[in-house]
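# have a look; sequence and predicted model below, questions after that.
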Amino acid sequence: MIQPLSNAADEAGHLYIRTFGCQMNQYDSLRVLRILYAKGYRPTSNIARADVVFLNTCSVREKAEQKVYSFLGRLRSLKAQRPWMKIVVAGCVAQQTGQALLNRFEHLDLVLGTRGIPSIASLLEQVRNSARRLVFLPDEEIGNPAPSEAEQGFESEVAAQVTIMQGCNNFCTYCIVPHVRGRERSRPANEVLQEIDFLLSHGAREILLLGQNVNSYGRGLKETVDFASLLRRIHDETTAARLRFTTSHPKDLTEDLIRCFSDLPILCKHLHLPFQSGSNEILRRMNRGYTSRQYLDRIRRLRELCPDIAISADVMVGFPGESEEDFQETIRLMEEVRFDALFSFSYSDRPFTRAAEFPAKASAQVKARRLAELQGLQAEITLQKNTNEIGQSREVLVEGSSKTANGQLMGRTEHNRIVNFEGDSSLIGRIVRTKITAAYSHSLRGELLIDP
């Protein structure tokens, strides 16, 4: 999270932000922090000091939604101790449940939909100055304010996020995103470049572009632009040292976009490309728009043009109707691709989705067994990939202090592998060369080769 450089004399109060779920939510939380910082709010990590508690929620999976309700329940006693404190729930759970959420939690003050972020300051003022409790679920987002002079008190993260589009038109049968985030909406290219320039001028070195399906960027804009051309503009027109993006849809992965990995030096050699299932029948029932062979062909082409590219993905087990053979086809695809990392989940019914009505639901026991088998295989592959890094010299962008290795620094290779190593804090924000000395399940150990 970005940090304030100084405290203003006209503080409006302490702001506590808790983000559930995806990187899109992390970016929206950052927008809230920037907007409210300009109004005099100052962030705190101590919820007991908070005058405003902002929960940015995710409902893509049932478990994430239940975490929100549990956290809200625990806030009841804190609100009784601090009755002036205002509690805001935003994001997908807010969009999905609306007024029902306000009815369920009497200590909740504001329910803010996924397109309501730009209005947070005025809405918060309303609930602070009156006894009203509000629900705000606009159909469209009213502007995405450009960075302002009031935000000059912030220092950007070394690796900063920028949303380039929101929403999704694909309507995968299991996915709630189009129902809570809406249809695809791209930001104008110049607006994206302006935000990138702002972040780079305030300390960012790496830019991560975000969208539910970044590959479809540009559709619906008045200007003629697609995602590959946006990447080329960022490469040519900004001072970013590194560039990443997520998430891509396999059916929209164009040849021009694939070529960007070999043509653009700042584009990191890592792609997150969800495949969800190795079974063509399950992919059809998911409405994914590609076959397992088409997915594998895209992987082959990526590795032809960029042989050392790292590939991660999302995969789901237990989709309605998934047979043991369907599951084994997923295992075979994993063995063929050998992903560098894999984010795996059990299917759960989500509101508004077609799959919630599908028959032949897998039992909890079957889903747990399949998930354990899948994760066990991927753990072996990931550890082997990490072990192969031992002895290699890798450039690392130093992001900050290590969270797991006391007294060490942490950074990432362009392949998105975490490296912990001994070094001085003055290296934060710099790209350094390290030699990999040890490998673990989720990270690498390295030593600094050159003191720049």
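On my side now, so go ahead. These numbers come from a predicted model, not from an experiment. Residues are numbered from 1 along each chain as shown.
# wait, what's in contact with the nearest residue to Gly113 once chain neighbours are set aside?
Residue nearest to Gly113 in three dimensions, not counting chain neighbours: Leu137, with 3.6 Å by CB to CB, 6 or more residues apart in numbering. C-beta: built from backbone N, CA, C; applies to glycine. Going by CB atoms under 8 Å, 6 or more residues apart in numbering, Leu137 touches 94-95, 98, 111, 113, 115-116.
# now that we have these, which of them are buried?
Buried subset of the contacts of Leu137 (neighbour count, 16 or more other CB atoms under 10 Å): 94-95, 111, 113, 115-116.
# of those, which is the nearest to Asn103?
Val111 (10.0 Å; CB to CB).
# okay, now the unreliable bits of the chain?
Applying pLDDT under 70 to the chain flags residues 1-11, 142-154, 451-452.
# can you give me the helices in it?
In the chain, the helices defined using DSSP state H lie at 23-37, 62-81, 92-97, 99-104, 120-128, 177-181, 189-201, 227-237, 255-263, 280-286, 292-305, 324-337, 364-387.
# winner for burial among those?
helix 92-97 (a mean of 25; mean count of other CB atoms under 10 Å).
# tell me which residues are up against that helix.
Counting by CB under 8 Å, 6+ apart, 21, 25, 57-60, 65, 68, 101, 104, 111-114, 137, 176-177, 179-181, 351-352 sit against helix 92-97.
# how far off centre is it?
Its chain's C-alpha centre and that of helix 92-97 lie 18 Å apart, by CA atoms, centre = their mean, to the nearest Å.
# mind listing residues that contact stretch 247-264?
For stretch 247-264, using CB under 8 Å, 6+ apart, the contacting residues are 170, 211-216, 226-228, 231-232, 235, 243, 267, 269, 271-275, 288-290, 294-295, 298, 301-302, 305-306, 309, 314.
# Thr434 is nearest to which of the helices of the chain?
helix 364-387 (14.1 Å).
# what's the angle from the closest one to helix 324-337?
Inter-element angle recorded for helix 364-387 and helix 324-337: 10 degrees (by axes from the mean of the first three to the mean of the last three CA atoms, to 10 degrees).
# picking that back up, and the buried ones among the contacts of Leu137, which two are furthest apart?
Of all pairs in these, the most separated under CB to CB is Val111 and Arg115 at 12.9 Å.
# hmm, who's touching stretch 18-32?
Residues outside stretch 18-32 that contact it (CB under 8 Å, 6+ apart) are 1-2, 17, 47, 53-58, 60, 64, 67-68, 71, 90-92, 114, 117-118, 120, 144, 161-163, 166, 208, 210-212, 246.
# give me that answer again for 6 Å
17, 54-58, 64, 67-68, 91, 117, 120, 161, 163, 210 (CB atoms under 6 Å, 6 or more residues apart in numbering).
# how far away is Lys385 from Leu267?
Using CB to CB, to the nearest Å, Lys385 is found at 21 Å from Leu267.
# I meant to write Arg187 there.
19 Å.
# stretch 308-326: how far from the chain's middle?
For stretch 308-326 - counting by CA atoms, centre = their mean - the centre lies 20 Å from the chain centre.
# show me which residues of that stretch are buried.
309-313, 315-322, 326.
# from these, which land in strands?
310-313, 315-317 (DSSP state E).
# much appreciated, bye for now.
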